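[1] Sequence first, then the predicted structure:
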Amino acid sequence: MTTLTRLNEAVRAPEIAQQPPKWRRFRPDGGAVSATRRQQAVSGWIFLAVPVVLFVLFVLIPVGIAVVVSFTDYSIVGDFEWIGVDNYVRIFQDPIFWIALRNTAYYTALFVPLGAIVALGTALLLNRRSGAVRVFRTLFYIPVISSTVATASIWFWLLNPQYGLFNSILGWFGIDGPAWLYDSQWAMIAIVMMSVWAGFGANMLIFLAALQGVPSELIEAARLDGANSWRVFRYVTMPAIARTMFLVVTLLLIAAFQVFDQAYVLTKGGPGNSTLTLVYYIYDRGFGRLEMGYASALSFILFLIILVFSLVNARITNRRDFS
Amino acid sequence: MSATISALPASPAKKRAQRRRIVGSGFWYIAVILVSISTVLPLVWTLSTSFKTESEALSGALNLLPRNPTVDNYAALFADGTFARYLVNSFILAIGGTITNVFFGSLAGYALAKLRFPGQGSVFATFLASMMVPAIVTMIPTFLVLRYLPLVGGNDLFGQGGVGMINSYAAVLVPFAAGAFAVFFMKQFFESLPDEIGDAARIDGASEFRIFLSIYFPLSTAGAAVLAVLTFQAGWNSFLWPLIALNNPDMYTVQVGLSAFINEYQTDYGPLMAGTIVSSLPALLVFIVAQKYIVQNFTGSAVK
């Protein structure tokens, strides 16, 4: 899922710039033109039919339904009424919504910088000419392939307060490790560490590609001028990969606000609501308590938050291609 | 080191630079090995725990090699057939989704890349915009659409009386049968192929579907293969939607089943780790086979 969203972004970037001019092809004779055009139009729409129908049924209509439902007290069973903006008013008075928002913001504030730094750091490590690089690149990437559930299961074991690898290693240094997932202060931090571990490989590849695009003459010139490694990084590499950095950060933000799997699998939002995230809260309201009207309203609030980052992200991807 | 170059009068500056390179290279190896340990060790430890006896899983938790290796955990996992059932469900959903996405994605991607007709620009723009809608927004109404689909799953003409597509493979297969991502991915691939071969066949009077099927589709296998791998992995690993749409235990996917295990086997780590290994294996094997193409694809699309 996360890999796909990232690839989505990477793939769609060039598309925007490459809208081909219509009817650009040379036609052998005038009479055939309209026939070919008609044939192409008919075939084209037939070829697009399935994705278009599915889009209407499972994106367009659902978004429409979500808007309508969010103004009702619909809950699958029983009658429902139009209640106007009550759901939206309720959100702002709902203390649990604010807890979920705060938890999600806390997760985001830790996960985004850490995720970007680890991805960039490992990419810098792998950005050198050496046969060994390919092996290590694969080893670094391995956590990305596991599903979030499998990753959660592994970390559930790693973080076991008594027998887990984490606290065992901390024990060697005389540190009495926390109860991690059972401690409301540490549970979210544990989930952040797990998410960084699970996801950095994909962004590392994006950074690596960007680093390989930094002109080596520039770096050599800076070296000759006596710049040390830090200054080369700060004044040559960083400006050259700034756009990739923005891209990765917005992708991480969009993903961070939708965090769900880990919190659901490991902690069920606990202990004491400390890992209750927005998507988890929407899931719980919508499918746990069947308050689908309220859950739909909540999902639109989340949509608005994410939309801001999506738009920023789209602008950056656009600019990247026109330059 | 100095022995090999002692024949030549090396300047001290050169020597210093060389020493620095060797030291740097040593640090580099230490760093990459440390990162590799942190990414691989948890998996190795999981694998090792899955072969331990119940008592050793806890008492000998830190043993990297099990003292008395046993396959009991795997046997227990498959004993009552439920986990095998989850695996079958996941395979059907992941492979089914891969086939439909590759086929419809190719067809639609081809239409957007190689045909010229009015309206294609707006279809493209709409698909593009749809990628910005987070999945959670459409999740509740998609559930409702599937549940109240007329004349399916015991429903009458007005979508009442039954459960529609909920709790069937179709609930996962149909909504995601031809995602916008597949269409874009294949569109981009077809754009890299020349127009002329199609034009030649067109003049010979071949139908558009014929041109697609016998000329362009065979040329797109490299792109289709990458899309297939990515779609399979995404399908195999997906969690939230199968959790919502398939709530009959017979229909659980391996990920949903595994998440139920975590609560069920709170302290029985052996079977849990065996389940984790089994559930990760298919996606891992696919990755190992297709590794080269995936990494290439990633790097290729990012630098453009």
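    Sure thing, it's come through. All figures in this text were calculated on a predicted structure; none of them were measured in a lab.

[2] CA atoms for contacts and neighbours, from now on please.
    Noted.

[3] Please work out how many residues are found near residue B:203.
    Neighbour count for residue B:203, taken as other C-alpha atoms under 10 Å in any protein chain shown: 12.

[4] tell me which element the closest residue to residue B:269 other than its chain neighbours falls in.
    Take residue B:269 and drop its neighbours on the chain: the residue closest to it by C-alpha to C-alpha, 6 or more residues apart in numbering or on different chains is residue B:57, 6.7 Å away. Secondary structure assignment for residue B:57, by DSSP states H and E: helix B:54-59.

[5] In CSV, list the C-alpha atoms belonging to the helix or strand just after that helix.
    Next helix or strand after helix B:54-59 toward the C-terminus (DSSP H and E): helix B:72-79. Extracted in CSV, the C-alpha atoms of helix B:72-79 (Å, rounded to 0.1, in the frame of the first residue of the first chain):
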residue,chain,number,x,y,z
ASP,B,72,5.8,-28.1,15.8
ASN,B,73,4.8,-24.4,15.4
TYR,B,74,4.2,-24.8,11.7
ALA,B,75,2.3,-28.1,12.3
ALA,B,76,0.2,-26.3,14.9
LEU,B,77,-0.4,-23.5,12.5
PHE,B,78,-1.8,-25.8,9.8
ALA,B,79,-3.4,-28.3,12.2
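
[6] residues in contact with helix B:72-79?
    B:50, B:51, B:52, B:53, B:83, B:84, B:270, B:271, B:274, B:275 (C-alpha atoms under 8 Å, 6 or more residues apart in numbering or on different chains).

[7] Can you mark which positions in it are buried?
    Across helix B:72-79, burial judged by 16 or more other C-alpha atoms under 10 Å in any protein chain shown covers B:72, B:73, B:74, B:77.

[8] And for stretch B:260-275?
    Buried residues in stretch B:260-275, counted by 16+ other C-alpha under 10 Å: B:261, B:262, B:268, B:269, B:270, B:271, B:272, B:273, B:274, B:275.

[9] Mark which of these are part of strands, please.
    Within the buried residues of stretch B:260-275, no residue falls in strands by DSSP state E.

[10] which one in the residues you listed is the model shakiest on?
    Lowest pLDDT among the buried residues of stretch B:260-275: residue B:268, with 80.

[11] Give me the nearest residue to that residue, chain neighbours excluded.
    Nearest non-adjacent residue to residue B:268, counting by C-alpha to C-alpha, 6+ apart: residue B:54, 7.2 Å away.

[12] Quick check: the gap between the one you found and chain A.
    Computed with C-alpha to the nearest C-alpha, to the nearest Å, the distance linking residue B:54 and chain A is 13 Å.

[13] Can you read off the pLDDT for that residue?
    Among the per-residue scores, residue B:54 shows a pLDDT of 82.

[14] Report the central residue of the chain.
    All of this is about chain A. When C-alpha atoms, centre = their mean is applied to chain A, the residue found nearest the centroid is residue A:255 (2.5 Å).

[15] let's do chain B instead
    With distances taken as C-alpha atoms, centre = their mean, the residue of chain B nearest its centroid is residue B:233 (1.6 Å).

[16] in what helix or strand does it lie?
    helix B:221-237.

[17] is any part of that helix close to chain A?
    Yes. Residues of helix B:221-237 contacting chain A under C-alpha under 8 Å from any C-alpha of the partner chain: B:230, B:233, B:234, B:237.

[18] show me the contacts for the closest residue to the last one other than its chain neighbours.
    In this structure, residue B:237 finds its nearest non-sequential neighbour in residue A:147, 4.8 Å apart by C-alpha to C-alpha, 6+ apart. Residues counted as contacts of residue A:147 (C-alpha under 8 Å, 6+ apart) are B:237, B:238, B:255, B:280.

[19] most surrounded residue in those?
    Using other C-alpha under 10 Å as the neighbour test, those are led by residue B:255, with 27 neighbours.

[20] CA atoms only for the helix or strand containing that residue, dumped as CSV, please.
    Taking DSSP H and E as the criterion, residue B:255 maps to helix B:254-264. C-alpha atoms of helix B:254-264 as CSV (Å, rounded to 0.1, in the frame of the first residue of the first chain):
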residue,chain,number,x,y,z
VAL,B,254,-3.7,-14.2,5.7
GLN,B,255,-3.1,-10.6,7.0
VAL,B,256,-6.4,-10.4,8.7
GLY,B,257,-6.0,-13.9,10.1
LEU,B,258,-2.5,-13.0,11.4
SER,B,259,-3.7,-9.9,13.1
ALA,B,260,-6.4,-12.0,14.9
PHE,B,261,-3.5,-14.4,15.9
ILE,B,262,-1.6,-11.6,17.6
ASN,B,263,-4.5,-11.1,20.0
GLU,B,264,-5.2,-14.8,20.3
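
[21] After the host helix or strand of residue A:39, which helix or strand is next? Please name it.
    Assigned by DSSP H and E, residue A:39 falls within helix A:30-55. Going down the chain from helix A:30-55, the next helix or strand is helix A:61-69, by DSSP H and E.

[22] what's the angle between that following helix and helix A:30-55?
    Between helix A:61-69 and helix A:30-55, the angle comes out at 50 degrees (axes from the mean of the first three to the mean of the last three C-alpha atoms, to 10 degrees).

[23] Enumerate the positions of helix A:61-69 that are buried.
    Buried residues in helix A:61-69, defined by neighbour count with 16+ other C-alpha under 10 Å: A:61, A:62, A:63, A:65, A:66, A:67, A:68, A:69.

[24] The fourth one and residue B:141 touch, don't they?
    Read it as residue A:65. Yes. With contact defined as C-alpha atoms under 8 Å, residue A:65 reaches residue B:141; the gap is 6.0 Å.

[25] Buried residues, the helix holding residue A:39. List them.
    The neighbour-count check on helix A:30-55 (16+ other C-alpha under 10 Å) flags A:36-37, A:40-41, A:43-45, A:47-48, A:50-52, A:54-55 as buried.

[26] Which neighbouring elements make contact with that helix?
    For helix A:30-55, the packing partners by 3 or more C-alpha pairs under 8 Å, 6 or more residues apart in numbering or on different chains; DSSP states H and E come out as helix B:82-114, helix B:208-211.

[27] tell me the most buried of these?
    Among the helices and strands packed on helix A:30-55, helix B:82-114 has the highest mean neighbour count (mean count of other C-alpha atoms under 10 Å in any protein chain shown), at a mean of 23.

[28] is that one anywhere near chain A?
    Yes. Contact of helix B:82-114 with chain A (C-alpha under 8 Å from any C-alpha) involves B:104, B:105, B:107, B:108, B:111, B:112.

[29] Generate JSON lines for the residues you listed, with distance to residue A:294 as supplementary columns.
    Formatted as JSON lines, the residues of helix B:82-114 next to chain A follow (distance: C-alpha to C-alpha, whole Å):
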{"residue": "B:104", "distance to residue A:294": "35"}
{"residue": "B:105", "distance to residue A:294": "35"}
{"residue": "B:107", "distance to residue A:294": "39"}
{"residue": "B:108", "distance to residue A:294": "37"}
{"residue": "B:111", "distance to residue A:294": "40"}
{"residue": "B:112", "distance to residue A:294": "39"}
